[in-house]
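Engineer: no sequence for this one, just the structure:
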Ligand SMILES: [Fe+2]
């Protein structure tokens, strides 16, 4: 997906379509941010579900889905982490409770191997957006000692595509 948009931008008439694709993403991201801010202001609808996960694991809880949008809450137990991955669709997430760590990676060459380029703790109230129109290889983890709850809104139809993940990557040794 990323490579397709970059290739189109190299040919003049098609660059407008690439810009259009980005603007669609931005509209989606703006709306998702608004929804997440509402949930941050009053997280009762999610936190009242008393989501949980066993040590070292995370769980995913479906919240909403339609033809363009799929949203889940995640419960992150201490020690849990996702595979290193990127997305084929916009992903906007927020932290409703606790602290999670977001780490970013860059590819080493053209393959599946990546190296760490940055990492940040994301506290309650944080909202982040990932766009499929640029390299966005990341991993979410709970490096703390308390449960964390996040909500993720993706721009894809879960009934058509099985996952928001485009690819998974391996950390360079
Ligand atoms: Fe992700």
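Structural biologist: Nice, thanks for sending it over. Model, not experiment: these values are computed from the prediction. Residues are numbered from 1 along each chain as shown.
Engineer: how is residue 101 assigned, secondary-structure-wise?
Structural biologist: Assigned with DSSP: H, G, I helix; E, B strand; the rest coil, residue 101 falls in the strand class.
Engineer: for residue 89, same thing?
Structural biologist: Assignment for residue 89 (three-state DSSP): coil.
Engineer: and the next element down the chain from the helix or strand hosting residue 31?
Structural biologist: Assigned by DSSP states H and E, residue 31 belongs to helix 12-41. As assigned by DSSP H and E, the chain's next helix or strand after helix 12-41 is helix 44-47.
Engineer: so for that following helix, what's the average pLDDT?
Structural biologist: Helix 44-47 shows a mean pLDDT of 94.
Engineer: tell me which residues in that helix are buried?
Structural biologist: residue 46 (16 or more other C-beta atoms under 10 Å). Bear in mind the C-beta positions are built from the backbone N, C-alpha and C, glycine included.
Engineer: then stretch 100-119?
Structural biologist: 100-105, 107, 114.
Engineer: can you check stretch 76-89 too?
Structural biologist: Going by 16+ other C-beta under 10 Å, stretch 76-89 has these buried residues: 76-81, 84-89.
Engineer: which member of those residues is positioned nearest residue 128?
Structural biologist: residue 87 (12.3 Å; C-beta to C-beta).
Engineer: what sits against the residue nearest to that closest one when sequence neighbours are not counted?
Structural biologist: Counting by C-beta to C-beta, 6 or more residues apart in numbering, residue 164 is the residue found nearest to residue 87 once chain neighbours are left out, at 5.1 Å. By C-beta atoms under 8 Å, 6 or more residues apart in numbering, the contact set of residue 164 is 70, 87-89, 91, 152, 154, 156.
Engineer: most widely separated two among these?
Structural biologist: 88 and 152 (14.2 Å).
Engineer: which residues touch the spatially most central residue of the chain?
Structural biologist: The chain has residue 91 as the residue nearest its centroid, 4.2 Å off, counting by C-alpha atoms, centre = their mean. Residues counted as contacts of residue 91 (C-beta under 8 Å, 6+ apart) are 129-130, 152-155, 164.
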